[in-house]
Structure formats: structure tokens, C-alpha cells
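1. Take this sequence and fold it.
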Amino acid sequence: MNQPILSSSRDRATSGGNILNVLGLLAVCASLGIAFYYQLSLKELPCPLCLLQRAGLILTGIGLMMNVRFGVRSAHYGVALAGALVTGIVALRQVLLHIAPGDAGYGSTFMGLHFYTLAALASLAAVAGIAALLMLKSWEMPTRFPAWKSASGKLACILFLLLVAGNLASTVLECGAGACEDNPTYYLLLGK
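-> Take a look at the predicted model:
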């Protein structure tokens with residue numbers, strides 16, 4: 001007789017903010033996965049600026065994952081926003097390095113654009129998306145349950161952690177304990 005009614009959005013793990021955070025985390029996973037696929041299948045090792053862009057993207061993912069795991073908080077969005085800004089600044093730096101006429105750019109392209117150009121555009125989209133999520137947070141009733149309670153939330157977090165571990169391992173293999181080469185062609189710890 002005294003069973004709680006779980007019909008409001010604050011009682012479900014499937015609130016709008018939770019769903020959008022899981023989708024954002026999956027978008028970060030897709031970006032890391034595509035870059036990792038190009039690295040492993042086409043043997044295109046990331047340059048130091050590419051690695052910094054991945055680090056910023058990982059920081060964005062950490063902020064979104066904290067929302068998925070622990071519930072939506074403004075501080076978590078701050079972490080994600082800092083990551084998006086780092087990614088954008090480093091990506092714009094690399095765009096400016098290759099903007100000269102006749103410069104073919106670094107690495108192959110995806111959808112006709114270099115990965116650093118896509119990273120700059122994606123970071124701009126992430127900043128806009130995080131701003132929208134912050135506004136949604138102020139309009140939506142707080143939820144009692146984080147998205148972690150759903151299977152999709154757990155799957156997104158596990159996938160993200162696996163991609164971070166893979167990127168970390170490949171970076172250590174590529175650079176060792178020192179600075180990475182500007183135009184890497186082989187994994188330092190694996191030899192030529």
C-alpha cells in the first residue's frame with residue numbers, strides 16, 4: 001500500500017539530461033574510436049598535437065561520464081567544458097599550422113576534412129551542446145537516479161574507459177617516457 005510512485009522524471013534514470021549525457025559520451029567514444037581505427041588500421045600514428053586533442057576529448061568524456069555515473073552536476077559540465085576548450089584550442093593551433101597555400105596537411109582525411117579540422121568543429125559543437133545541457137539542467141527537475149542505472153549508461157561508460165585505456169597504451173608505446181616525435185612513423189617501444 002505504501003509503494004512509491006515512480007512516474008515523475010525525477011525518479012527515472014531516463015530523464016532528458018541523462019539521455020543526452022549518455023549520447024554525448026557515446027559521441028566522444030565514436031570520435032576516439034574513429035581516430036583509434038585510423039591509427040591501427042591505416043598505421044597513421046598521431047602527432048603530439050593530435051595526442052593533446054585526444055586528451056582534451058578524453059577530459060570532455062570524463063565530465064560527461066561523471067554525469068552518467070554520479071548524476072548531473074554543474075561541476076561535471078565544467079570538466080567537460082574545459083576539455084572541449086582544450087580540444088578546440090589545440091585543434092585550431094594545428095589548423096593554423098597547415099593553413100598555408102600548398103600545405104597538404106597532416107594525416108588522411110575523414111569526410112573530406114583533416115581530423116584536426118573536425119576536432120575544432122566538434123569542440124565548438126561540444127561547447128554549444130554543454131551550454132544547452134546546462135540550460136536543460138536548470139529547467140529539468142533533478143533526478144534521483146543517475147544514468148548509470150540504465151544499461152546504456154553502463155555500456156557507454158565501459159566503452160569510454162576501454163577507449164581511454166587503449167589510447168593510453170598506444171601513446172606509451174608510441175612515445176615511451178619522453179617527448180613524442182613531431183611526425184611519428186613507428187612505435188618507439190616496439191622498434192622499427
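
2. Only C-alpha atoms from now on, for both contacts and neighbour counts.
-> Will do.

3. Only C-alpha atoms, please: export stretch 87-101 in PDB.
-> Extracted C-alpha coordinates of stretch 87-101, given in PDB (Å, rounded to 0.1, in the frame of the first residue of the first chain):
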ATOM      1  CA  THR A  87      40.500  20.300 -27.700                       C
ATOM      2  CA  GLY A  88      39.400  23.400 -29.700                       C
ATOM      3  CA  ILE A  89      42.400  25.500 -28.800                       C
ATOM      4  CA  VAL A  90      44.900  22.700 -29.800                       C
ATOM      5  CA  ALA A  91      42.900  21.800 -32.900                       C
ATOM      6  CA  LEU A  92      42.900  25.500 -34.000                       C
ATOM      7  CA  ARG A  93      46.600  25.700 -33.400                       C
ATOM      8  CA  GLN A  94      47.100  22.700 -35.800                       C
ATOM      9  CA  VAL A  95      44.700  24.200 -38.400                       C
ATOM     10  CA  LEU A  96      46.800  27.400 -38.300                       C
ATOM     11  CA  LEU A  97      50.000  25.400 -38.800                       C
ATOM     12  CA  HIS A  98      48.600  23.900 -42.000                       C
ATOM     13  CA  ILE A  99      46.700  26.800 -43.500                       C
ATOM     14  CA  ALA A 100      49.400  27.900 -45.800                       C
ATOM     15  CA  PRO A 101      48.800  27.500 -49.600                       C
END
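
4. Give me the buried positions along whichever strand or helix holds I58.
-> Per DSSP states H and E, I58 falls inside helix 48-70. Neighbour counts over helix 48-70 (16 or more other CA atoms under 10 Å) mark 48-69 as buried.

5. Which elements pack onto it?
-> If you count contacts as 3 or more CA pairs under 8 Å, 6 or more residues apart in numbering; DSSP states H and E, helix 48-70 packs onto helix 16-41, helix 74-97, helix 115-139, helix 151-175.

6. For those, give me CSV that also has mean pLDDT and distance to L188.
-> Listed next are the helices and strands packed on helix 48-70 as CSV, based on pLDDT from 0 to 100; distance: least, CA to CA, whole Å:
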stretch, mean pLDDT, distance to L188
helix 16-41, 91, 15
helix 74-97, 95, 23
helix 115-139, 89, 23
helix 151-175, 93, 5
